[in-house]
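Asker: I need the structure of the sequence given here:
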Amino acid sequence: MLSATFEPSGSSSNIEKALEDIHKRADRAIEDDRTLIVLTDRDSDKFNVPLPMLLAVSSLHHHLIRQGTRTKVSLIVETGEASEVHHFAVLLGYGAEAINPYLVFDSLEGLARDEELSGLNYVDAVKAYIQAATKGMMKVLSKMGISTIQSYRGAQIFEAVGLHEDVINHHFTWTPTRIGGIDLETIANEAIQRHRKAIVFLKVNNFLYQTVTTISGEEMGKSINLTPTRFICSNKLVDQTTRNCLKPIVVPLTSKKRSKQHFEVCSHLRKTVHLYNCMKLNRLKRFSNASKRVQ
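Answerer: Residues are numbered from 1 along each chain as shown. Sure thing, here's the model as predicted:
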């Protein structure tokens with residue numbers, strides 16, 4: 001299993017070193033008679049930025065071709081980036097044999113747990129998603145006049161738009177391109193920017209989660225100066241709530257007249273939860289609709 005991550009230094013040197021490290025580790029794995037190589041970005045964290053998976057797959061694919069060892073191994077991709085048919089199409093077209101879009105499956109699990117998939121349970125949602133993605137891939141193949149996935153894999157039936165010639169020659173070899181574009185440094189900077197935004201969002205989400213789940217009802221009442229109103233934090237709800245699914249678990253237990261400050265606090269909590277739920281639903285609404293069509 002090869003980690004497709006690099007350190008966020010802000011330059012292209014680290015992304016080049018990460019790609020070279022993947023090449024060297026893959027060569028050693030082949031020398032050890034390994035037949036499966038897994039490229040994964042699952043171990044990305046605040047110190048490790050996930051490589052653009054298409055870049056990592058294509059770079060390794062062409063490196064092995066140049067080494068004459070490509071036919072000795074199969075490339076398996078485990079990525080949080082892939083979610084749409086086009087993502088799968090380009091990954092397969094540049095050498096991937098199998099794809100595990102783990103973030104999609106994790107998101108489906110959360111949506112099924114929150115009963116946001118129109119009655120679908122997790123297993124049925126995953127089956128519907130895989131079926132929809134497979135049908136989408138078959139449609140892509142049929143439009144190109146290709147009848148088998150074996151003929152499509154590694155065929156590179158794409159034209160690059162907006163990539164520098166050096167990037168094409170080294171990592172997307174034989175891909176036609178009519179215009180130039182961004183180089184590895186720009187690719188690295190954009191990946192780092194997306195990574196930093198994600199880390200900031202996680203920090204805010206974790207802060208809200210830890211704050212809501214650790215404060216007691218009495219402390220909540222004191223902190224917002226609501227003596228007549230009692231609050232409860234249900235341990236059962238806390239246990240069922242993950243850091244990826246923020247829940248409004250602070251519940252008022254009285255119908256007495258509440259102060260203006262109370263409504264301001266509750267309004268803020270509702271807006272926070274609503275914003276998060278909208279972000280979560282928008283990510284996979286297309287696949288939820290695809291699941292309904294499959295049914």
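
Asker: buried set for stretch 177-188?
Answerer: Within stretch 177-188, the residues that qualify as buried are 177, 184, 187-188, counting by 16 or more other CB atoms under 10 Å. Placement of C-beta: from N, CA and C, glycine included.

Asker: Helices - which of those land there?
Answerer: Using DSSP state H, the members of those that fall within helices are 184, 187-188.

Asker: which residue ranges form the helices in the stretch 101-250 of the chain?
Answerer: Listed in chain order, the helices found in the stretch 101-250 of the chain under DSSP state H, counting those that start in this stretch are 102-113, 122-143, 149-152, 165-171, 184-214, 217-223, 235-240.

Asker: ok and the first one relative to helix 122-143, angle-wise?
Answerer: When you say that, I think you mean helix 102-113. With axes from the mean of the first three to the mean of the last three CA atoms, to 10 degrees as the basis, helix 102-113 and helix 122-143 are set at 130 degrees to each other.

Asker: Who are the packing partners of helix 102-113?
Answerer: If you count contacts as 3 or more CB pairs under 8 Å, 6 or more residues apart in numbering; DSSP states H and E, helix 102-113 packs onto helix 122-143, helix 260-294.

Asker: which one of the ones you listed has the lowest average pLDDT?
Answerer: Comparing the helices and strands packed on helix 102-113 by mean pLDDT, the weakest confidence falls on helix 260-294, with a mean of 48.

Asker: since we're on Glu81, how many residues are nearby?
Answerer: Residues near Glu81, counting by other CB atoms under 10 Å, number 17.

Asker: and it, backbone torsions?
Answerer: In terms of degrees, to the nearest 10, the main-chain angles of Glu81 are phi -80, psi -40.

Asker: quick one, what contacts it?
Answerer: Listed by CB atoms under 8 Å, 6 or more residues apart in numbering, the contact set of Glu81 reads 41, 50, 52-53, 87, 103.

Asker: which among those residues end up buried?
Answerer: If you count burial by 16+ other CB under 10 Å, the buried members of the contacts of Glu81 come out as 41, 50, 52-53, 87, 103.

Asker: and the two most separated of the residues you listed?
Answerer: Pairwise distances across these (CB to CB) peak at 14.8 Å, for the pair Pro52 and Leu103.

Asker: re the thing from before, select from the buried ones among the contacts of Glu81 every entry located in strands.
Answerer: Filtering the buried ones among the contacts of Glu81 for membership in strands, criterion DSSP state E, returns Pro50.

Asker: Generate JSON lines for the buried ones among the contacts of Glu81, with pLDDT and distance to Ser3 as supplementary columns.
Answerer: Listed next are the buried ones among the contacts of Glu81 as JSON lines, based on pLDDT from 0 to 100; distance: CB to CB, whole Å:
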{"residue": "Asp41", "pLDDT": "93", "distance to Ser3": "8"}
{"residue": "Pro50", "pLDDT": "93", "distance to Ser3": "9"}
{"residue": "Pro52", "pLDDT": "94", "distance to Ser3": "14"}
{"residue": "Met53", "pLDDT": "95", "distance to Ser3": "12"}
{"residue": "His87", "pLDDT": "95", "distance to Ser3": "20"}
{"residue": "Leu103", "pLDDT": "92", "distance to Ser3": "16"}
